[in-house]
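Asks: Output the structure for:
(one chain, ligands or ions: 1)
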Amino acid sequence: MNKIIKIFGQIVAANIHYHPQRVLSLLNAAYAVSQLVVKYFPDQKLLPHQKYAAAICNNVIRQPLKDAQDTAVVNIFLPCELLHAMDIAPQFVEGLAGYLNGAGAEKAFIDFAEHSGIPKTYCSYHKTLLGAALSGVLPKPSFVVNTTLACDANNLTFRTLADYWKIPRFTIDVPNEYNDDTVEYVAHQFRAMVAFIEDVADKKLDMERLKTAIRSENRSLSMYRAYFKELSSKFMPNNLTSEMYKLFFTHILLGTQQAEHYFKLLLYDVQNAAPSKDEIRILWAHTLPYWQPSIAKVFNFSSKYQLLSCDLNFDYLIDMDEDHPYQSMAQKLLLNTMGGCTERRAQKLLDMAISLHADGAIYFNHWGCKKTLGGAVLTKEMLEEQDIPVLMLDGDGCDRNNVNDGQMLTRLQAFLEILEGSK
Ligand code: SF4
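Replies: Alright, predicted model coming up:
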């Protein structure tokens with residue numbers, strides 16, 4: 001770990017119990033500095049869409065830390081079009097936890113959460129968020145909204161947060177089955193969610209603004225699908241952090257001008273990328289350990305290995321219907337590849353592997369993500385039946401104290417050598 005980041009993490013740990021406000025000020029200062037760095041001194045190896053993402057994502061995380069008024073803590077799968085139409089800034093679990101990890105501070109927050117009674121086996125993204133809230137560092141938002149999609153941690157985490165902050169919470173219950181009844185069941189909850197937000201935030205939803213957000217989202221998705229089509233025959237250098245930044249735009253920022261601009265740059269970059277040659281093309285399932293130098297060194301800006309996409313970045317690519325926004329949001333949840341049976345997620349990974357001409361896939365078993373861990377063997381079997389080799393890589397996307405770096409790297413290198421040998 002970078003020496004400065006290590007020292008910063010130690011300062012956070014030393015202050016978290018008795019001076020949470022001091023920790024918040026330090027985090028705000030650190031993110032303000034990194035905002036200047038990514039804006040004025042970006043890594044010149046980054047493509048335009050990657051530089052843009054670094055600046056926007058920093059701001060998205062920083063804003064609710066500076067001023068928590070009109071903010072809501074959400075989970076990554078919550079469709080945020082309604083929030084954007086009502087000028088409510090979302091703060092989401094994986095994003096915030098990732099940034100706290102970037103500041104070298106996740107250990108202090110994870111320790112705090114575990115000492116507060118959160119189990120060690122819990123997802124480390126959630127443990128980091130919980131530690132930040134329960135320690136008093138994270139400012140109290142206006143309310144909490146979450147879905148039950150994919151992640152069993154959602155119910156416990158968001159209930160704990162709302163109880164701790166004594167703020168209102170709204171949960172969208174997402175059944176496993178997709179049919180007319182479940183679409184109406186979830187759509188009905190979105191209507192109730194509007195009433196909830198109008199009441200709590202004392203704002204009225206302007207339907208025209210919601211339609212504007214949906215139109216913007218559809219333009220973004222159209223460019224994103226075109227990007228994947230181009231990528232199938234192109235080589236475009238990628239890096240683990242940029243692939244994680246992409247999660248902001250494919251999820252909580254969809255429907256915003258920033259997301260639309262990002263997808264415009266992304267499409268431009270792939271259109272100007274070199275044709276695919278002899279590189280090893282890799283598809284990734286689940287989040288990425290972008291903070292792990294050994295793994296990052298293999299993929300980041302590599303001319304040999306093309307990191308195509310992580311599957312969370314294509315969990316739902318279907319247009320919304322502006323005339324039926326609540327049904328569209330319901331479909332977005334019910335048809336998301338992270339929900340329903342495991343075959344659905346595996347099938348999407350397989351379809352994308354075929355269309356993007358992937359040579360292999362890495363299935364990242366992030367510690368504590370039971371949904372992902374439970375689907376590992378079935379996914380591997382389904383892909384390998386179609387001659388897509390799969391490496392199951394055990395690791396942790398957030399907690400740097402919870403990995404066996406040497407073992408991971410050895411297994412990764414061995415897998416890549418096999419792929420190279422069979423090219
Ligand atoms: S990694 Fe898995 S358990 Fe953790 S927040 Fe994401 S979906 Fe939930």
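Asks: contacts for stretch 60-72?
Replies: 24, 27-28, 31-32, 35, 83, 87-91, 95-96, 99, 138-145, 201, 248, 252-253 (Cβ atoms under 8 Å, 6 or more residues apart in numbering). Using the backbone N, CA and C atoms, a C-beta is placed for each residue, glycine as well.
Asks: Could I have the ChimeraX command that selects the buried members from these?
Replies: Restricted to buried positions by 16 or more other Cβ atoms under 10 Å, the ChimeraX selection for these reads:
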select :24,27,31,35,83,88,89,90,91,95,96,99,138,139,140,141,142,143,144,145,201,248,252,253
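Asks: Now, the contacts of stretch 60-72 that are in strands?
Replies: The strands, defined by DSSP state E, take in A89, P90, Q91, F143, V144, V145 from the contacts of stretch 60-72.
Asks: on that earlier part again, now go through the contacts of stretch 60-72 and say which are in helices.
Replies: L24, L27, N28, Y31, A32, Q35, L83, G95, L96, Y99, A201, F248 (DSSP state H).
Asks: returning to what we had before: quick check, nearest of the ones in strands among the contacts of stretch 60-72 to K3?
Replies: Q91 (29.1 Å; Cβ to Cβ).
Asks: on that earlier part again, now the ones in strands among the contacts of stretch 60-72 in CSV, with distance to H366?
Replies: Listed next are the ones in strands among the contacts of stretch 60-72 as CSV, based on distance: Cβ to Cβ, whole Å:
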residue, distance to H366
A89, 26
P90, 22
Q91, 21
F143, 28
V144, 23
V145, 24
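Asks: Format those as JSON lines; extra columns: pLDDT.
Replies: Output for those, formatted as JSON lines (pLDDT from 0 to 100):
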{"residue": "A89", "pLDDT": "97"}
{"residue": "P90", "pLDDT": "96"}
{"residue": "Q91", "pLDDT": "95"}
{"residue": "F143", "pLDDT": "97"}
{"residue": "V144", "pLDDT": "97"}
{"residue": "V145", "pLDDT": "97"}
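Asks: Show me which of these is closest to the ligand.
Replies: Q91 (14.0 Å; Cβ to the nearest ligand atom).
Asks: Tell me how many other residues crowd the residue nearest to that closest one when sequence neighbours are not counted.
Replies: The shortest distance from Q91 to any non-neighbouring residue, by Cβ to Cβ, 6 or more residues apart in numbering, is to P64 (4.3 Å). Counted with other Cβ atoms under 10 Å, residues neighbouring P64 total 22.
Asks: Check Y316 too.
Replies: Based on other Cβ under 10 Å, the number of other residues close to Y316 is 20.
Asks: That one looks like it's in a strand, true?
Replies: No: under DSSP: H, G, I helix; E, B strand; the rest coil, Y316 falls outside any strand and is assigned coil.
Asks: measure the nearest residue to it once chain neighbours are set aside to the ligand for me?
Replies: Nearest non-adjacent residue to Y316, counting by Cβ to Cβ, 6+ apart: N336, 4.9 Å away. Separation of N336 from the ligand (Cβ to the nearest ligand atom, to the nearest Å) stands at 11 Å.
Asks: wait, N336 sits on I76?
Replies: No: the pair N336 / I76 is not scored as a contact, 10.5 Å apart, by Cβ atoms under 8 Å.
Asks: from the ones in strands among the contacts of stretch 60-72, which two are the most distant?
Replies: Distances among the ones in strands among the contacts of stretch 60-72 were taken as Cβ to Cβ; the most separated pair is A89 and V144, at 13.5 Å.
Asks: circling back: more neighbours, N336 and I76?
Replies: I76 (26 against 23).
Asks: The more buried one: helix or strand, and which one exactly?
Replies: Following DSSP states H and E, there is no helix or strand that holds I76.
Asks: residue contacts, it?
Replies: Counting by Cβ under 8 Å, 6+ apart, I76 makes contact with F92, V93, E94, G95, L247, H251, I252, L312.
Asks: now do D321
Replies: Counted by Cβ under 8 Å, 6+ apart, D321 has contacts I214, Q327, S328.
Asks: at 7 Å instead, please
Replies: D321 makes contacts with Q327, S328, as judged by Cβ atoms under 7 Å, 6 or more residues apart in numbering.
Asks: so it is in which element?
Replies: With DSSP H and E as criterion, D321 is part of no helix or strand.
Asks: re the thing from before, on the three-state scheme, the residue nearest to Y316 is what?
Replies: Going by three-state DSSP: N336 is coil.
Asks: Based on its surroundings, how many neighbours for E322?
Replies: E322: 18 neighbours (other Cβ under 10 Å).
Asks: right, and it touches A213 too?
Replies: No: between E322 and A213 there is no contact, the gap being 9.0 Å when judged by Cβ atoms under 7 Å.
Asks: Need the residues touching each of the two.
Replies: Common contacts of E322 and A213 (Cβ under 7 Å, 6+ apart): none found.
Asks: Could you report the neighbour count for the closest residue to the ligand within the stretch 151-300 of the chain?
Replies: Closest residue of the stretch 151-300 of the chain to the ligand, Cβ to the nearest ligand atom: C151 (2.9 Å). Neighbours of C151 under the rule other Cβ under 10 Å: 25.
Asks: Point me to the helix or strand that includes it.
Replies: Counting by DSSP H and E, C151 is found in no helix or strand.
Asks: Surely it and G368 touch.
Replies: No: using Cβ under 7 Å, C151 is not in contact with G368; the gap is 9.9 Å.
Asks: Which residue, neighbours along the chain excluded, lies closest to whichever residue of the stretch 251-400 of the chain sits closest to the ligand?
Replies: The ligand sits closest to C369 of the stretch 251-400 of the chain, with a gap of 3.1 Å, by Cβ to the nearest ligand atom. Spatially, and ignoring its direct neighbours in sequence, C369 is nearest to C123 (5.6 Å; Cβ to Cβ, 6+ apart).
Asks: Give me every residue in the stretch 201-350 of the chain lying close to the ligand.
Replies: Neighbours of the ligand within the stretch 201-350 of the chain, by Cβ under 6 Å from any ligand atom: T287.
Asks: Understood, closing this out.
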